[in-house]
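Student: Here is a sequence with its predicted model. Questions after.
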Amino acid sequence: MVSSRREKLQGILVSLPTFNDEKFNLRLDRSKTHIRWLIDQGIVEGSGVLMIAGGLGEGYFLDDDEWQGMAHAVVEAADGKVPTMIGLFELSARRATKKARYVGDPDDRPGIDTAVDDEQLRVAITFADGGQTEVGIARTP
């Protein structure tokens with residue numbers, strides 16, 4: 001049995017498409033159907049990780065409710081059978097931190113298998129010039 005969320009992140013990373021209707025409203029029902037199909041095809045813990053809301057460039061265009069809806073949709077459809085990730089794209093470090101806390105908080109998160117340890121939330125920030133830094137945020141009891 002895998003002992004930590006980080007250890008669960010093995011195998012291929014499947015970047016999920018974001019399904020929309022003709023007016024660009026999210027189709028979370030289609031996302032869930034697609035996720036269940038991938039699981040049926042063998043993408044399960046140990047062979048892959050599902051990433052929603054970020055691998056195809058849509059991350060910057062989602063409002064907070066849409067992003068949170070996608071987080072909950074991938075966790076619900078994965079049903080613990082495959083690890084999950086979510087794209088986090090923000091121009092503001094504050095907003096990125098808020099979203100990272102949302103998915104990383106063990107009491108409030110939707111269940112995303114993020115690579116966040118139990119003692120400290122770490123947010124990697126990539127700058128336009130290609131530089132990167134990591135910001136640590138201590139959890140409060």
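Tutor: Yep, it's here.

Student: residues making contact with stretch 36-56?
Tutor: 2, 8-18, 31, 35, 59, 62, 67, 70-71, 73-74, 77-79, 81-89, 113 (C-beta atoms under 8 Å, 6 or more residues apart in numbering). Yep, even glycine has a C-beta here, placed from its N, CA and C like the rest.

Student: which outside residues touch the strand or helix carrying A71?
Tutor: For A71, the host element (DSSP states H and E) is helix 64-78. If you take C-beta under 8 Å, 6+ apart as the criterion, helix 64-78 is touched by 16, 18, 26, 28, 31-33, 35-36, 39, 50, 52-53, 59, 62, 84, 86, 99, 102-103, 110-112.

Student: switch to 7 Å and redo it
Tutor: Identification of contacts with helix 64-78 by C-beta atoms under 7 Å, 6 or more residues apart in numbering yields 26, 28, 31-32, 35-36, 50, 52-53, 84, 86, 99, 102-103, 110-112.

Student: Just the C-alphas of that helix, formatted as PDB.
Tutor: Extracted C-alpha coordinates of helix 64-78, given in PDB (Å, rounded to 0.1, in the frame of the first residue of the first chain):
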ATOM      1  CA  ASP A  64     -12.700  30.200  -9.300                       C
ATOM      2  CA  ASP A  65     -16.100  28.400  -9.300                       C
ATOM      3  CA  GLU A  66     -15.300  26.600 -12.600                       C
ATOM      4  CA  TRP A  67     -11.800  25.600 -11.300                       C
ATOM      5  CA  GLN A  68     -13.200  24.300  -8.000                       C
ATOM      6  CA  GLY A  69     -15.900  22.400  -9.900                       C
ATOM      7  CA  MET A  70     -13.300  20.700 -12.000                       C
ATOM      8  CA  ALA A  71     -11.400  19.800  -8.900                       C
ATOM      9  CA  HIS A  72     -14.400  18.100  -7.400                       C
ATOM     10  CA  ALA A  73     -15.400  16.500 -10.700                       C
ATOM     11  CA  VAL A  74     -12.000  14.700 -11.200                       C
ATOM     12  CA  VAL A  75     -12.000  13.500  -7.600                       C
ATOM     13  CA  GLU A  76     -15.600  12.200  -7.800                       C
ATOM     14  CA  ALA A  77     -15.100  10.400 -11.100                       C
ATOM     15  CA  ALA A  78     -11.700   9.000 -10.100                       C
END
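
Student: Many thanks, we can stop here.
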